[in-house]
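Visitor: Sequence first, predicted coordinates after that:
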Amino acid sequence: MSRPGAWGVRLLAGMLLVGLAGCGSGPAPDVAAPPQNEFVFGLLMVGPANDHGWSQAHFEAGRYVEKNVPGARMVYVDKVNPSDRPGTTPAQLADDLLARGARLVIFNSDDMKDGALEFARAHRDIPVIHISGDSAWPEGRDHARLPNLANIMGRMEHGAAMAGFAAAMTTRTGRIGYLGPLINDETRRLAAATYLGARHAWTQVLKRNPGQLRFKVSWIGFWFNIPGVTADPTQVADGFFASGFDVVVSGIDTTEALAEAKKFSTPDKPAYAIPYDYVSACAEAEGVCLGVPYYNWGPAYVQQVEAVRAGTWQPSFQWLSPDWSDINDPDRSAVGYQKGAALAPAAARELDAFIGALAGGLNLWTGPLQYQDGAVFLKPGETATDAQVWYLPQLLQGMTGQSVSNQ
Amino acid sequence: MIRARSLWLRTGGPVIGVGVAVLAAAGLLLLAGASPLEAFRQMGLGAFGSVNRLADVLVVWGPLVLVTAGLLVTFAAGLWNIGIEGQIVMGAIGVTGVLRLLQDAPLPPWLVLSIALAAGMTAGAAWAVLAGLLKTIGGVNEIFGGLGLNFIASALILWLIFGPWKRPGIGSMSGTEPFPESLGLPTLAGTRLSLWSLALGLAAVGAIALLLSRSALGLRLRAVGLNARAAFLLGVPTWRNLLVAFGLCGALAGLAGFVQVTAVYHRLIPSISSGYGFLGLLVALIIRYRAVWVVPVAAFFAAITIGGIQLPIALQLDSSLSGVLQGLLVLGVLFSDGLRHRAAARS
């Protein structure tokens, strides 16, 4: 057995490694005070900054702010989830960004709701933006009444409907799979919006019997694969393609559906996928990609940063529509749809017409619509309110898959 | 001459071990395109740069010490309690079950928390004893039994969070609905640190140190650990002592689960153990099961864990490098121990 003297040496060496390295700077702050014209904002991302999905879309929005707002600088931490960063909380990591000089902090996931609220309550002088949340919505179910909290979300229901439309225009088997993340209000309404777009194409453009369209939702349990915790999205996508589904629309933050479509696609039996979130997601497998509905957070971030800087920032709930004059305008539109190379020209033309109809006021959330269990959602001619869409309690009739997580 | 050689064996080996670990970590950082000195400086700042960060280090330290203290018992009995992760999880599940059941009951919070604490320790102990029974009755090596039980505990916690205990209408990785503030251990103002967590950790280490060094039970456990067959032939009931060792370790793991639920997360989350079971195994390995070193070495590992968060923030490096550093330190020190023993044998 070693004697304590030896252990003292080990500890001393260890402390030299970490402890003294840090204490060498004494009680000075972590970083030098930022230059007077610099504005530091913090971003917490639930997934990796290079996930080709949700988190990368936010990361690039941060870079967009740096490019378009003089003096703006982003500090960030990615993979903010309990599996990747055990022993930490989003609020704790936000504190770290604060220590790096952040004067505005963005939490980019619905799953960070507790952390965003905790941080906002603890730092009432720091504007907090919780992406995809509803705590700042006066008409919402969970209004937190915090003076420093805002919510921003894109009306991706439009993008999801475009994805569903492209899927229905392309499928040969009439079977569309939806690779869902976890089950909550947001994911239910996006899956439902995808179905509504598909049903519209199927019945209104292709003039087919709605009963012949099969739309199946499979949830993996989280926004991306966590081995041993979630269902493996690769296997779920494989399951779709192996059982006759020829188009998989992804609602998760990563691109497994695209990779599997590429693997399964043959000249006789083509397979297609539609990724989600990130404008360049199709690049991974252009030949099987029908397009991608994506978020463009940059313009909204710029607006928030400039408002904080000007001292005019106010708490708000923003559910941002596409800019219908050009949904792919990077400087104006919050939501877009980038067509994929695999989308046939005729289908692409129909999709353009569909986007034009949406811009002209076509509302897919118009009755008659039933919930999955057959109960009436919207009576004939009735249109859904924002709250009805946001808090959609079930999937819709015509969709198969779970509406709520298992009891 | 002999004294000088002995001193070198005692001190030189560990220095070499730590030095090799530091150099290997530095090499990795260079490969990642970062300055090792800057990375170590940022980690230091991340751990000790402010009162809040020091508090965060201690938030990790509390449950880590509890777990490591428990592992000293099983190590003393010659057991590799790999199932400790599952024991933390089961403890947290027990705590959550009680809090959910009693949060609206007309009982004072201290009583509810006390019952939850007892439930957490009992659940952790029961899960550990199960691993012990698998070993003593079924002949299942505790490493494999523990791994299997870890998987079952993980599956159970996910099922609860996404099923019966899910938030209204939502199954979420962010866990169950947070408990009322009154059912959380009090924290120091402006920090996440609960002094209860520290007190429980220190008390556990003290109690285990006394148990192992000053009690008949400790003597029996060490006898079993050194040579179970000889101990049995001398009249020590081996299987009963093994189960006691598992039970004590599991109870402390369950207590760590209690701290995680009531002082850190205030709800049940899928990764409630935060990997402290495996980290505790590393700490126990590096201190060669000596209770006196639990407190500082666990603090050091906690500092690396918290300080490592700065790697992605300040240097855009993956914070898993801090885990690599911890692993390298353990390997370096174990390697140096091996060298030392070889040198001692030669001399």
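Guide: Happy to help now that I have it.
Visitor: What parts of the stretch 51-200 of chain A come near chain B?
Guide: Within reach of chain B by CB under 8 Å from any CB of the partner chain, the stretch 51-200 of chain A has these residues: A:75-79, A:81-83, A:85-89, A:92-93, A:95-97, A:99-100, A:110-114, A:182-185. Where C-beta positions appear, they are placed from N, C-alpha and C, glycine not excepted.
Visitor: and what of the stretch 251-400 of chain A?
Guide: Counting by CB under 8 Å from any CB, the stretch 251-400 of chain A sits next to chain B at residue A:393.
Visitor: ok, the residue in the stretch 251-400 of chain A that chain B sits nearest to - how many residues close by?
Guide: Nearest residue of the stretch 251-400 of chain A to chain B (CB to the nearest CB) works out as residue A:393 at 7.0 Å. Using other CB atoms under 10 Å in any protein chain shown, residue A:393 has 16 other residues around it.
Visitor: Touching, it and residue A:371? I think so.
Guide: Yes: Residue A:393 is within contact range of residue A:371, at 7.3 Å (criterion: CB atoms under 8 Å).
Visitor: Now the common contact residues for the two.
Guide: Listed contacts common to residue A:393 and residue A:371 are residue A:403; contacts here mean CB atoms under 8 Å, 6 or more residues apart in numbering or on different chains.
Visitor: how does chain A divide into domains?
Guide: Using automatic domain parsing, the domain parsing of chain A gives A:31-154+A:299-309, A:160-294+A:339-400.
Visitor: Helices of the stretch 1-150 of chain A, residue ranges please.
Guide: Using DSSP state H, counting those that start in this stretch, the helices of the stretch 1-150 of chain A run over residues A:4-17, A:19-23, A:54-68, A:90-99, A:113-122.
Visitor: and the ones you listed, which one's lowest on average pLDDT?
Guide: Between those, the one with the least mean pLDDT is helix A:19-23; it has a mean of 40.
Visitor: Point to the helix or strand of the chain where mean pLDDT is at its lowest.
Guide: Here I'm looking at chain A. Ranked by mean pLDDT, DSSP states H and E, the weakest helix or strand in chain A is helix A:19-23, scoring a mean of 40.
Visitor: Chain B, not that one
Guide: helix B:2-7 (a mean of 58).
Visitor: okay, now whichever residue of chain B sits closest to chain A: neighbour count?
Guide: Closest approach between chain B and chain A, counting by CB to the nearest CB: residue B:44, at 1.9 Å. For residue B:44, the count of nearby residues is 25 (other CB under 10 Å).
Visitor: and it, what pLDDT?
Guide: 91.
Visitor: Give the other helices and strands that the helix or strand encompassing it contacts.
Guide: Assigned by DSSP states H and E, residue B:44 falls within helix B:36-48. Contact partners of helix B:36-48 among helices and strands, from 3 or more CB pairs under 8 Å, 6 or more residues apart in numbering or on different chains; DSSP states H and E: helix A:19-23, helix B:13-31, helix B:51-76, helix B:294-307, helix B:310-315.
Visitor: for the residue nearest to residue A:381 when sequence neighbours are not counted, what are its contacts?
Guide: In this structure, residue A:381 finds its nearest non-sequential neighbour in residue A:367, 6.0 Å apart by CB to CB, 6 or more residues apart in numbering or on different chains. Applying CB under 8 Å, 6+ apart to residue A:367 gives the contacts A:376, A:377, A:378, A:379, A:380, A:381, A:382, A:383.
Visitor: and the second one, that one's in a helix?
Guide: No: for residue A:377, which was evaluated using DSSP: H, G, I helix; E, B strand; the rest coil, the result is strand, with no helix membership.
Visitor: Could you list everything the residue nearest to it when sequence neighbours are not counted pairs with in the sheet?
Guide: Leaving aside its sequence neighbours, residue A:377 sits nearest to residue A:369 (CB to CB, 6+ apart; 4.5 Å). Beta-bridge pairing for residue A:369 (DSSP bridges): residue A:378.
Visitor: my guess is residue A:369 contacts residue A:378, does it?
Guide: Yes: Residue A:369 is in contact with residue A:378 according to CB under 8 Å; the separation is 4.4 Å.
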